[in-house]
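Q: Build me a model from this:
(one chain, ligands or ions: 3)
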Amino acid sequence: MQDQIKIGRLLDTMRANPPLVQCITNFVAMNIAANVVLAAGASPAMVHAEEEAGEFAAISGALTINIGTLSTGWLAGMLKAAQSANAGGKPWVLDPVAHYATAFRRNAVAQLLELRPTIIRGNASEIIALAGGASRGQGVDSRDPVEQAEESARQLAERHGCVVAVTGITDFVTDGQKARRIAGGSPFMPQVTALGCSLTCLVGAFAATAPDAALDATVAALAVFAVAGEQAGTSANGPGSFSWRFLDALANLDRETLDREARISAA
Ligand SMILES: Nc1ncnc2c1ncn2[C@@H]1O[C@H](COP(=O)(O)OP(=O)(O)O)[C@@H](O)[C@H]1O
Ligand SMILES: Cc1ncsc1CCOP(=O)(O)O
Ligand SMILES: [Mg+2]
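A: Ligands and ions are numbered 1, 2, ... in the order given. You can find the predicted model right below:
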């Protein structure tokens, strides 16, 4: 379909002019997320301090905010960065890691949602809970199938006027009107910590490249993960070898292979 042609071009456009992506992510994800974004061809910076997060957002092409290892100081930095991104008309992506687990996280996500993220990316349990449903998530891990989160994603997209991506075996993305499914990846992916967080950062990179096309940008990032993940998964023996093979597959992925291998369908 049409999307499959556009995503290869978007990958090339991103690599031709690598965007600076401010990633406010968690302690677990910082290293792998930076490597993932670099391998794909963009320029990550893990900058979260309240004293500089807003100033940095003003010079970045996009911002991503992930609440995985939240603290009061980090939340202050997140709010300043999101306000600055909004003031500069820059896209920003919210990853509401385990937001259902504690009152602190729930309150933080409520404040961040008021700042109108361009894109929300989460696993199925996170998206179901964010829409007000009963999720079976345990800590940072999903225990719900993506199909069960699709209606929640549509509701959230309409309620907050944003794109919502639900990831899992087959990903689902919607802006409330249009929706896409992206198949691929590998069962090793949920066994490697912080790959979802890394994907959120890559969504930011594509959003910086196509700031007026948040749905296409999100689909492109998810398709890159799906194709590189599938490639790495075929030769990996376990999560360890999957991890380095995945980085190599991301770096070696070219436009033609992406367009040929991506399995995107209208939903
Ligand atoms: N069982 C699976 N098979 C194939 N790909 C998967 C599977 N589970 C997750 N993925 C992929 O792993 C990446 C991270 O998604 P996910 O595990 O849902 O996020 P999180 O780490 O935030 O829980 C996405 O690219 C998703 O498509
Ligand atoms: C294990 C863990 N604990 C707090 S954040 C985090 C990483 C979660 O990563 P992901 O959401 O990509 O699985
Ligand atoms: Mg996650």
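
Q: which SSE is the closest residue to ligand 3 within the stretch 151-267 of the chain in?
A: Taking Cβ to the ion as the measure, the stretch 151-267 of the chain has Gly196 as its residue closest to ligand 3, at 3.4 Å. All C-beta atoms are positioned from the backbone trio N, CA, C, and that covers glycine. Take DSSP states H and E as the rule and Gly196 turns out to sit in helix 195-209.

Q: can that helix be found next to ligand 2?
A: Yes: figure legend: helix 195-209 in contact with ligand 2 (Cβ under 6 Å from any ligand atom); contacting residues 195-197.

Q: cool, stretch 232-241 as well?
A: No: judged by Cβ under 6 Å from any ligand atom, stretch 232-241 makes no contact with ligand 2; its nearest approach is 12.1 Å.

Q: Can you add pLDDT and give the residues of helix 195-209 next to ligand 2 back as JSON lines?
A: Conversion of the residues of helix 195-209 next to ligand 2 to JSON lines gives the following (pLDDT from 0 to 100):
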{"residue": "Leu195", "pLDDT": "98"}
{"residue": "Gly196", "pLDDT": "98"}
{"residue": "Cys197", "pLDDT": "98"}
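
Q: Out of those, which comes closest to Phe242?
A: Phe242 has its nearest neighbour among these in Leu195, at 9.4 Å by Cβ to Cβ.

Q: what's the spacing between the closest residue to that closest one other than its chain neighbours and Gly161?
A: Once flanking residues are discounted, Leu195 sits nearest to Met189: 5.3 Å by Cβ to Cβ, 6 or more residues apart in numbering. For Met189, the distance to Gly161 under the criterion Cβ to Cβ, to the nearest Å works out to 30 Å.

Q: Neighbour count for the two, which is higher?
A: Met189 (24 against 12; other Cβ atoms under 10 Å).

Q: shaky segments in the stretch 1-150 of the chain?
A: Scanning the stretch 1-150 of the chain for pLDDT under 70 picks out the ranges 1-5.

Q: Ligand 1 contacts on that one?
A: 123, 142.

Q: Enumerate the residues of the stretch 1-150 of the chain near ligand 3.
A: Listed as neighbours of ligand 3 in the stretch 1-150 of the chain under the rule Cβ under 5 Å from the ion: Val97.

Q: again, only using 8 Å
A: The interface of the stretch 1-150 of the chain toward ligand 3, taken as Cβ under 8 Å from the ion, is made up of 66, 68, 95, 97-98, 122-123, 126, 140, 142.

Q: Val192 and Phe242, how far apart?
A: As for Val192, its distance to Phe242 is 6 Å (criterion: Cβ to Cβ).

Q: The two: who's more crowded?
A: Taking Val192 and Phe242 together and counting by other Cβ under 10 Å, Phe242 has the greater number of neighbours (23 against 20).

Q: Show the contacting residues for the more buried one.
A: If a contact means Cβ atoms under 8 Å, 6 or more residues apart in numbering, then Phe242 has 186, 188-189, 191-192, 232-233, 236 as its contacts.

Q: I'd like to know how far it sits from ligand 1.
A: The gap separating Phe242 from ligand 1 is 11 Å, by Cβ to the nearest ligand atom, to the nearest Å.
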